[in-house]
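Enquirer: Show me the folded form of this:
(2 chains)
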Number of protein chains: 2
Amino acid sequence: MAAPNRPARWPRLSAQPADQATVRRSNLSLVLRHLHDLGPRSRATIAAETGLNKATVSSLVAELLERRLVVEVGAERAGAVGRPALILELDGSGVGALGLEVNVDYLAALATDLAGRILYERRVPYDALAEPPPAALDALAGLAREALATLASSGAVPAGATVAVPGLVDVARGVVTLAPNLGWRGVRVADRLRDALGRPPYPITVDNDANLSALAEYRVGADAGTAHLVYLTGEVGVGGGVIVDGRLLRGAEGFSGEVGHLPVDPRGPECGCGRRGCWETVVGMAALFRLAADPDDQAVNGAGLDPEDRLGEVLRRAASGDRRTLDALDEIGRYLGFGASILVNVFNPRVIVLGGYFARVGGYIAGAATAELRLRAIAPNAGGCRVALSTLGFSAAVRGGAGVAVEAVLADPTLVPRAALGVAPTPSVAEGA
Amino acid sequence: MAAPNRPARWPRLSAQPADQATVRRSNLSLVLRHLHDLGPRSRATIAAETGLNKATVSSLVAELLERRLVVEVGAERAGAVGRPALILELDGSGVGALGLEVNVDYLAALATDLAGRILYERRVPYDALAEPPPAALDALAGLAREALATLASSGAVPAGATVAVPGLVDVARGVVTLAPNLGWRGVRVADRLRDALGRPPYPITVDNDANLSALAEYRVGADAGTAHLVYLTGEVGVGGGVIVDGRLLRGAEGFSGEVGHLPVDPRGPECGCGRRGCWETVVGMAALFRLAADPDDQAVNGAGLDPEDRLGEVLRRAASGDRRTLDALDEIGRYLGFGASILVNVFNPRVIVLGGYFARVGGYIAGAATAELRLRAIAPNAGGCRVALSTLGFSAAVRGGAGVAVEAVLADPTLVPRAALGVAPTPSVAEGA
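Expert: Residues are numbered from 1 along each chain as shown, chains lettered A, B, ... in the order given. Just a heads-up that it's a prediction; the model follows:
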């Protein structure tokens, strides 16, 4: 025998045991997700497509019917002969999901049902830097109550709410550790909101806005389902959310994806964070306005202008072929590609989705960004990575937030209680949305 | 009701159905991994610890015994009364796993059994740049045959071999796309090696050396089990491997973790890749020798010196307190921390493990690296990330390579055939290792 040596100390990597309850829950999830992803179909079709046997599918569907997560919607004839098969459909209408957002210059709320149908959406201007965090959260709670009233009037019971914030978030405790652009540090967002909403039974969580936007892109964006996806949002700062193997990258303490401060030029402009040449100093909105117009150009750099109006003016000039504006956008594009090449080298994503203002000016920057990316990335052809523009607009983060609650129910349908026998709820008429 | 709108198009995220065969395989894996991770114990203990019922555990163990993956090693008394319980132990001795490596100046092979016991290990000097790829692979096949002979003589049947290469690897096809430091481009490593070894039945795979080293650190290193871990290896170049949520990050095409060319200074030294200021130009071994001694300093920069000898001289001078050497190491440490801060911002790992020459000079660079990392990273206290030194030395990549085959068997014990009834193999005496 070989010289005896100790077996290597391997870490505990064991999965949980697949006991009967776990298998049942997993199969309930499988059937519900199947209907959610692929649309209405019969029990027999579900059995054929999932590999589960027909008796199991019937039993699972019976439970999902009891929990009012699916509904029978009609019949189809399977073939020339035989009984027509009943068609099942996801009944998302009884379950509601809430996405909330505090950002530098607005508050937002969006509510969907389990099927992702948007039942409520509202975005209101808000100067977060001018108000203390409790005031901002109370204002957000006001929006949340409106959204909840709309859910209630359409008969949807909320399954969860998620708050998006542009900053570092301690997800486990629901605390915003540091959000420089809001001026927040150590703010107990989940606790405050839970109190303001009267301590509801469903979970209230907090997450980084770019993380939630990345989830939304992965689930409902133009590149939905792309397992390796980087989302970048251009605002005052630059945020990033990364999907790896179909899962949101969070890191050891939830601080991953902090791409705004990638050091792209040690001799570059000073950043709000105190460092020099951070990526957001050369691709953030302020860089565009600085490059595109002189400081005394009132239409772009006038005091007190709304960022939306400034961006609108830049886009008008670009559309009219103004050389300086086009050069400025080209430079933003090249720096965007330069920083993106770092992310491509470390993550090798299939697509980089540009959100926020990047998407608004996308037509003017995507070409330069892609060229610079291909030049700088080590893998040939940037490892097959494309640059794409988000189609979700300002809704990305709140869509992602609502998606968190939807995902929780799809992963474990037993979170939704069985209906009491014989007490079917009366559908009511919603006033909202 | 709210205005009807289409259900969101969600991507197909469905898990595979948990049918009986899948559940069985998953539970066989659970029991085998349990014994592998936690050591010898009785069926009753396994049942209590995994949550599986006793009858199921007995049936699973019977199958693992048939496949000779576990063995009964004795008895213990469960309590004051009752029959003594038989103790089971992982019987790794019948399964072998092979890790191979081609690097710039050496070839290496290592073989373990399923329990991770090292049965064979050899590293030989080799000038990969001086020989064409087929010659290097034939030389590697020679080492592999030695390792296989040792496995055979100890009665272990190989379950797989993995080749580590410092470069971009197309893992699915077993092709080295680009390995600048070897001068390789488009080399069909797996095919060549499979032919050279007579087309064996077990899988031969190829992977990036830093990726495999990261796997080894995750499994048998000092920080084993740390789910968010970045491994960095300092050689001529700098390589990286990243563990995210306990899994190796590969990216869309297997090109992730290319950290050597992070652009840390756009006005910095020219890199072999044609770009400027890549991280490896300021922290690679060449940077250390350039900083630590004048070009005409024969003991460090003499023509034709072995890199090991040059490094040994630097370490001697550092130990003697030589100011210039210590300053050079300090600068390497600071640049290491600077680049590491980028990785901390995007990945938020719990630990950065330094391998290769970084580990050799670790005592002189870790302090400066940690200080710079904390200064540069956005998250407070670098998001809880430590800098640690690898304890695996040059074995890291081949340990990781062998681990790939071990992992495959632990994940699916049915890969190992059942023993023919009544034909128990005769244990033989190994000559090797």
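
Enquirer: Just the helices from chain A, written as ranges.
Expert: Remark: helices assigned in chain A by DSSP state H are A:20-38, A:43-50, A:54-66, A:133-153, A:189-196, A:209-220, A:279-283, A:285-292, A:298-301, A:307-319, A:323-347, A:357-360, A:362-376, A:396-411.

Enquirer: Can you check which of those helices gets nearest to B:Arg145?
Expert: Closest to B:Arg145 of the helices of chain A, according to Cβ to Cβ: helix A:323-347, at 36.7 Å. Backbone N, C-alpha and C define where each C-beta goes, glycine included.

Enquirer: in the closest one, what counts as buried?
Expert: A:325-326, A:328-347 (16 or more other Cβ atoms under 10 Å in any protein chain shown).

Enquirer: again, but for stretch A:368-386
Expert: A:368-370, A:372-374, A:376-379, A:382-385.

Enquirer: now stretch A:49-67
Expert: A:Thr50, A:Leu52, A:Thr56, A:Val57, A:Leu60, A:Val61, A:Glu63, A:Leu64, A:Leu65, A:Arg67.

Enquirer: again with stretch A:307-322
Expert: A:Arg310, A:Leu311, A:Glu313, A:Val314, A:Leu315, A:Arg317, A:Ala318.

Enquirer: if we can go back for a sec, could I get the buried residues of stretch A:368-386 as JSON lines with pLDDT and distance to chain B?
Expert: What follows is these, written out as JSON lines (pLDDT from 0 to 100; distance: Cβ to the nearest Cβ, whole Å):
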{"residue": "A:Ala368", "pLDDT": "97", "distance to chain B": "17"}
{"residue": "A:Ala369", "pLDDT": "97", "distance to chain B": "16"}
{"residue": "A:Thr370", "pLDDT": "97", "distance to chain B": "16"}
{"residue": "A:Glu372", "pLDDT": "96", "distance to chain B": "12"}
{"residue": "A:Leu373", "pLDDT": "96", "distance to chain B": "13"}
{"residue": "A:Arg374", "pLDDT": "96", "distance to chain B": "13"}
{"residue": "A:Arg376", "pLDDT": "92", "distance to chain B": "7"}
{"residue": "A:Ala377", "pLDDT": "93", "distance to chain B": "8"}
{"residue": "A:Ile378", "pLDDT": "89", "distance to chain B": "5"}
{"residue": "A:Ala379", "pLDDT": "87", "distance to chain B": "4"}
{"residue": "A:Ala382", "pLDDT": "94", "distance to chain B": "9"}
{"residue": "A:Gly383", "pLDDT": "92", "distance to chain B": "4"}
{"residue": "A:Gly384", "pLDDT": "93", "distance to chain B": "5"}
{"residue": "A:Cys385", "pLDDT": "96", "distance to chain B": "7"}
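
Enquirer: In the stretch 301-433 of chain A, which residue sits closest to chain B?
Expert: Using Cβ to the nearest Cβ, A:Asn348 is the residue of the stretch 301-433 of chain A that sits closest to chain B, at 2.5 Å.

Enquirer: lowest confidence element among the helices and strands of chain A?
Expert: Least confident helix or strand of chain A, by mean pLDDT, DSSP states H and E, is strand A:70-77 with a mean of 83.

Enquirer: Next, the buried residues of it.
Expert: Those would be A:Val70, A:Val71, for strand A:70-77 by 16+ other Cβ under 10 Å.

Enquirer: A:Ala377 contacts A:Ser341, doesn't it?
Expert: Yes: here A:Ala377 reaches A:Ser341: they are 4.5 Å apart, a contact under Cβ atoms under 8 Å.

Enquirer: Out of the helices of chain A, which gets nearest to A:Gly240?
Expert: Nearest of the helices of chain A (Cβ to Cβ): helix A:209-220, 5.3 Å.

Enquirer: Quick one: work out the angle between that closest one and helix A:396-411.
Expert: 60 degrees (axes from the mean of the first three to the mean of the last three Cα atoms, to 10 degrees).

Enquirer: one step back: with distance to B:Ala214 and pLDDT as new columns, can the buried residues of stretch A:49-67 be given to me in JSON lines?
Expert: Below are those laid out as JSON lines (distance: Cβ to Cβ, whole Å; pLDDT from 0 to 100):
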{"residue": "A:Thr50", "distance to B:Ala214": "35", "pLDDT": "81"}
{"residue": "A:Leu52", "distance to B:Ala214": "37", "pLDDT": "82"}
{"residue": "A:Thr56", "distance to B:Ala214": "40", "pLDDT": "88"}
{"residue": "A:Val57", "distance to B:Ala214": "42", "pLDDT": "92"}
{"residue": "A:Leu60", "distance to B:Ala214": "40", "pLDDT": "94"}
{"residue": "A:Val61", "distance to B:Ala214": "44", "pLDDT": "96"}
{"residue": "A:Glu63", "distance to B:Ala214": "43", "pLDDT": "95"}
{"residue": "A:Leu64", "distance to B:Ala214": "42", "pLDDT": "95"}
{"residue": "A:Leu65", "distance to B:Ala214": "47", "pLDDT": "94"}
{"residue": "A:Arg67", "distance to B:Ala214": "43", "pLDDT": "91"}
